[in-house]
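> sequence unknown, structure follows:
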């Protein structure tokens, strides 16, 4: 089983739609959680960290459920510029500081 | 402006050649990582380092080695390049409780 699993998509949605991505992780020693965004042929960049209480940044809301080992990202009022691949990232801090990436969920927002 | 710089954007090498991929960061981060990214497989961790001269194997270390003689520089070495090592290679640097920053990537083609 992969350490971090995501639905690969693609999610094809119209502008203005609300879309949700899910991510599950297998290692309960995971300490920190992030969503990264990767545009085509570019390097990944941090979208937002995910906190235990859930957090919001404009149209983006991230949630963490430690009991179920599950992370989500909600995008409201989708824009064309949101089209990208969204990567779920988990930091394992058992014996060292590994950053484990999911394989990403591709989002296409159409006019 | 924070920077992770990879020495080459595009590289073409012949089978059997020894290949060096260099990564330099200017943020004084302890942790540095090498990933490869392939379609449908996401980012897979090759090696990482949490201190000078310290290294640990990631998920796919076979055929690779690394060197970290100075804190700012983390090198990935392909001892004898093979065609299945054709990929996008991404270097990242990270300190605890901060975001990970990526280099722009090196697209390596082994012919």
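Yep, it's here. Remember, predicted model here, so these are calculated numbers, not experimental data.
> How about the residue in chain A that chain B sits nearest to: what's its closest non-neighbour residue?
Nearest to chain B, among the residues of chain A, is residue A:103, at 2.9 Å (CB to the nearest CB). Where you see a C-beta, it was placed from the backbone N, CA and C, and this is true even at glycine. Leaving aside its chain neighbours, residue A:103 sits nearest to residue B:42 (2.9 Å; criterion: CB to CB, 6 or more residues apart in numbering or on different chains).
> who's in contact with the one you found?
A:87, A:101, A:102, A:103, A:104 (CB atoms under 8 Å, 6 or more residues apart in numbering or on different chains).
> Which strand or helix spans the residue of chain A closest to chain B?
Residue A:103 belongs to no helix or strand when assigned by DSSP states H and E.
> Can you get me a residue count around it?
Residues contacting residue A:103 under the criterion other CB atoms under 10 Å in any protein chain shown number 21.
> contacting residues for it?
Residue A:103 sits next to A:2, A:6, A:8, A:87, B:40, B:41, B:42, B:43 when contact means CB under 8 Å, 6+ apart.
> And residue A:34, by the same measure?
A:46, A:47, A:48, A:49, A:50, A:88, A:89, A:90, A:91, B:99, B:100.
> Tell me the neighbouring strands of the one helix or strand the third one maps to, and mark each as parallel or antiparallel.
Assigning secondary structure by DSSP H and E places residue A:48 in strand A:45-50. Strands adjacent to strand A:45-50 in the sheet, as given by DSSP bridges, are strand A:30-38 (antiparallel).
> Columns pLDDT on top of the contacts of residue B:42, output as TSV?
Formatted as TSV, those follow (pLDDT from 0 to 100):
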residue	pLDDT
A:87	95
A:101	89
A:102	90
A:103	89
A:104	92
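> the helices in chain B, which residues?
Using DSSP state H, no helices are found in chain B.
> Quickly list what the residue of chain B found nearest chain A is bridged to.
Closest contact between chain B and chain A, by CB to the nearest CB, is at residue B:42 (2.9 Å). Judged by DSSP bridges, the bridge partners of residue B:42 are residue B:38.
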